[in-house]
Every structure is written in C-alpha cells, then in structure tokens.
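Trainee: following is a predicted model, sequence given first.
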Amino acid sequence: MSTTTTTTTTTTTNAAPLLRVHELRKHYVSPKRWLRPARPPIQAVDDVSFSVARGETLALVGESGCGKTTTAKSVLRLVEPSAGSVQLDGEELVGLSPSQMRQRRRDLQIIFQDPYASLNPRLTAGEIVAEPLRNFGGADAAAREERVRWLFSRVGLRPEAAKKYPHEFSGGQRQRLGIARALALQPKLIVCDEPVSALDVSVQAQVVNLLMDLQAEFGIAYLFVAHDLAVVRHISHRVAVMYLGHIVEIADRDTLFSAPRHPYTEILLSAVPVPNPRTPAKRMLLQGDPPSPANPPSGCRFHTRCPMAQAVCKEQQPVLTPRKADGHLVACHFR
Ligand code: SF4
C-alpha cells in the first residue's frame, strides 16, 4: 500500500478545459460472503487527474489492465466512480441523477472497440444512427432522415446502406456506423475506446483519418484509449501514460515520443517499431508481470519492475509534477 497521498497536478492552459478530471478513483469492492475473508478492493483507477481542451485529442496509453478503459468509462459514468470529480464545460457530472446524466450525454459520446457488439442487430443502420436523434427529440421524421443521410455521407457510407443491418457491413463500415451514431447529436467530447484495434491494419488508417477530419471540421475533443502507440502518435495532441491505475507521465505528443522521462514510458516506447531499418532499435524489456491492483506495491507502483528503482521508491509514492513550463508532468523521484 502507498505510504503517501498522491497530489496529482492537472495540466493548466489559459482557456478553461472542456473536460477536467480530478483525483478520479474507481475501486471495486468484492461483496462480503459468509465464511469467506474480506478481499481487498481492486484499485483499478487511483487519484487520476487530467484535462482535455476543446478540439484536442488526449490519448490514454498503457498495458492491458492499467485502468485506461475504466478511466474513460468513469468519465462517461458507464462505470460509477468511487471518488473524484469529472467536470464537462465546468459542470460536475459525478453525483448527477440518471435522468440528469442522460441530458448531458448529448455532449458526451463513445465509440466502442467492437463495433459489431455495440450495434443493435435488430435495427437497420439508418435506425441505429437515427436512434439518438429520436431519443433526444427536437427533429421530425423528415429532418431525422435528412440528418441521417448527411451523417452517412460524412462518414463515407452510401445513403442506400441505411437499409442494411449491421451483419451486412464489413468491420470498417460498422465502425463508420458507430462514428455516425456518436456524431448524431454534435457532441463536444467523444471517448474512443480502442476504436481501431479490432480492425484490419489497412482499415485502421482510414478510420483514424476520418476521426481527425471530423475533429478538424467540428472541433470535437477525443479521449482516445489505445495500446497501439503508432496510432496514438498519429492522432493525439497529448498523451497520458497509465501504470497500475496511476498516470505516470503526461506530455504533448512530440515531447513524449522524442524525450520520454518516466522509465515506464521509455520502456513502452522502445517497443514501437522503427520505420528506418538502419536506425538501431534500442528495445527495452519490461521485467515480470504487472502486480495485482488489489495489492499494489508500496511507494512507487512501478518499483517492482523499474530498472532505476532505489530504496526511496519503495517508501514514497512519487507525485505527478511539472518538469517544464510546457505542461510535461512526470511521477518519478529521479526524472
Ligand atoms: Fe522507477 Fe523510482 Fe522513478 Fe518509480 S520513482 S519510476 S521506481 S525510479
């Protein structure tokens, strides 16, 4: 267990951020069972703070199980946070009733990893994209049809595809359908939960470029959860690196990829393939398995796998603090 309390620092910009997440926590507590000792809570997300500006893409990266998807779903309250604050446009979302939260969903949408699982197989593509318009009212049938046609064209689907069912589309087309549905209500922020990792490599680039075009056109912000660092490098403006429920580094994309500071980030980035075969790759290997989030290591959570760990790392939890005026934040005693 940690011996000190984390006081994470949120990136500050002159303009108020669109999304401000402060000391977000999600601990899963096992239900008590008769004759079974209580289990420690699983600390999936612990004291996570970050912000996303309007029209910005912030990528959340890290190993499987590091808490990035739980963080993203907590922002949407698809997972109920245990503690902390999530503000969208200055309005607190944590604590809103389901009906109040439903109203805020106009501004806050999600694109899922598996487009097939996220689309109702009994509805046609046109009905799927029209569903949010119908649920939130404000448009008659003719206006909805017109809007659906426009959304289809905007995401690169032919108008006649509106009559098809999800199983009749390819994986890339289904993801375009998911994007059209997310766009329907003109949201301010879209959470993209590994939106291209289930797609063929050739289709990934098309979908990523589509997301970037839509951002340029409509000024949408993305919270982009991904493990593919090549995709992250292409689409993101800033990157937050997570390890075992904590953010360990946040920096703008170019800084993070050219001069990472946290040892975990360095190791993650060393696994990214180098395009030029003449450039010697300095691959660093992460030792051991990630510790259990039910019993995270004391002090720095990365100390059991860190090649630079020293005695203090076992005792004191490093605080995510700015290293430069450019908003580069690192949680390490020595970097
Ligand atoms: Fe490694 Fe210590 Fe830095 Fe943690 S605080 S990343 S263990 S050097």
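Mentor: Sure, I can see it.

Trainee: residues touching the residue nearest to the spatial centre of the chain, list them.
Mentor: In the chain, the centroid-proximal residue (CA atoms, centre = their mean) is residue 225; its distance is 3.2 Å. Neighbouring residues of residue 225 by CB atoms under 8 Å, 6 or more residues apart in numbering: 59-60, 68-69, 71-72, 191-194. For glycine as for every other residue, the C-beta is placed from the backbone atoms N, C-alpha and C.

Trainee: do the same with residue 134
Mentor: residue 144.

Trainee: again, but for residue 306
Mentor: 263-264, 300, 313.

Trainee: again, only this time at 7 Å
Mentor: Counting by CB atoms under 7 Å, 6 or more residues apart in numbering, residue 306 makes contact with 263, 313.

Trainee: that older thread, now the residue nearest to the centre of the chain: how far from residue 67?
Mentor: Distance of residue 225 to residue 67, given as CB to CB, to the nearest Å: 10 Å.

Trainee: then residue 124?
Mentor: Relative to residue 67, and taking CB to CB, residue 124 is found at 37 Å.

Trainee: of the two, who's got more company?
Mentor: Using other CB atoms under 10 Å as the criterion, residue 124 and residue 67 rank with residue 67 on top: 26 against 16.

Trainee: so that one makes contact with residue 248?
Mentor: No: Residue 67 lies out of contact with residue 248 (CB atoms under 7 Å); the separation is 11.3 Å.

Trainee: tell me the buried residues in stretch 325-335?
Mentor: The neighbour-count check on stretch 325-335 (16 or more other CB atoms under 10 Å) flags 327-333, 335 as buried.

Trainee: chain center to that stretch: distance?
Mentor: 21 Å (CA atoms, centre = their mean, to the nearest Å).

Trainee: span of that stretch from start to end?
Mentor: 15 Å (CA to CA, to the nearest Å).

Trainee: near the ligand at all, that stretch?
Mentor: Yes: for stretch 325-335 and the ligand, the contact criterion (CB under 6 Å from any ligand atom) is met by 332-334.

Trainee: of these, closest to the ligand?
Mentor: Of all the residues of stretch 325-335 next to the ligand, residue 332 has the smallest distance to the ligand: 3.3 Å, by CB to the nearest ligand atom.

Trainee: near the ligand, which residues of the protein are found?
Mentor: So far as CB under 6 Å from any ligand atom goes, the chain lies against the ligand at 262-263, 300, 302-303, 306, 308-309, 313, 318, 332-334.

Trainee: one more time with 5 Å
Mentor: The chain comes close to the ligand at residues 263, 300, 302-303, 306, 308-309, 313, 318, 332-334, as judged by CB under 5 Å from any ligand atom.

Trainee: neighbours around residue 145, how many?
Mentor: Residue 145 has 16 nearby residues by other CB under 10 Å.

Trainee: ok, so what distance separates it from the ligand?
Mentor: To the ligand, residue 145 is 55 Å away according to CB to the nearest ligand atom, to the nearest Å.

Trainee: just give the nearest non-adjacent residue to residue 62, would you?
Mentor: Spatial nearest neighbour of residue 62, excluding adjacent residues (CB to CB, 6 or more residues apart in numbering): residue 242 at 3.8 Å.

Trainee: now do residue 26
Mentor: The shortest distance from residue 26 to any non-neighbouring residue, by CB to CB, 6+ apart, is to residue 45 (4.1 Å).

Trainee: my read: the one you found touches residue 70, true?
Mentor: Yes: Residue 45 is within contact range of residue 70, at 5.1 Å (criterion: CB under 7 Å).

Trainee: higher neighbour count, those two?
Mentor: The residue with more neighbours, out of residue 45 and residue 70, is residue 45; 31 against 24, by other CB under 10 Å.

Trainee: quick check: what element follows the helix or strand containing the more buried one along the chain?
Mentor: Here residue 45 sits within strand 42-52, counting by DSSP states H and E. Toward the C-terminus, strand 42-52 is succeeded by strand 57-61 as the next helix or strand (DSSP H and E).
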